[in-house]
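A.B. asks: Sequence first, predicted model second:
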Amino acid sequence: MKSKVRQVPRGDNPLPNDEQVRIEIQTFLLALDSYPDRFSKDPKITFEKHCSSLVPPSKNIHSGGN
């Protein structure tokens, strides 16, 4: 299974690369831990969809809004 790599343009991401990687790893591990419970409640959900639902909103300093 190939994993999909998200490429974020450098100017759009205010976090250093190592911090972004840590966040992605923590999110993935949280998804691994919580997927069995979620699957028992919703057997049609894929791991990918579950994992993406846990991704925190990006902190974009260029958004101009709150």
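C.D. replies: Received, thanks.
A.B. asks: which residues in the chain form helices?
C.D. replies: Residue ranges of the helices in the chain, as given by DSSP state H, are 17-41, 47-54.
A.B. asks: Could you export the ones you listed as JSON lines, including mean pLDDT and mean neighbour count?
C.D. replies: Using the backbone N, CA and C atoms, a C-beta is placed for each residue, glycine as well. As requested, those are exported to JSON lines (pLDDT from 0 to 100; neighbours: other Cβ atoms under 10 Å):
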{"stretch": "helix 17-41", "mean pLDDT": "93", "mean neighbour count": "12"}
{"stretch": "helix 47-54", "mean pLDDT": "92", "mean neighbour count": "13"}
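A.B. asks: gap between residue 21 and residue 44?
C.D. replies: 31 Å (Cβ to Cβ, to the nearest Å).
A.B. asks: what does residue 53 give?
C.D. replies: Taken as Cβ to Cβ, the span from residue 53 to residue 44 is 13 Å.
A.B. asks: No further queries at this time; thank you.
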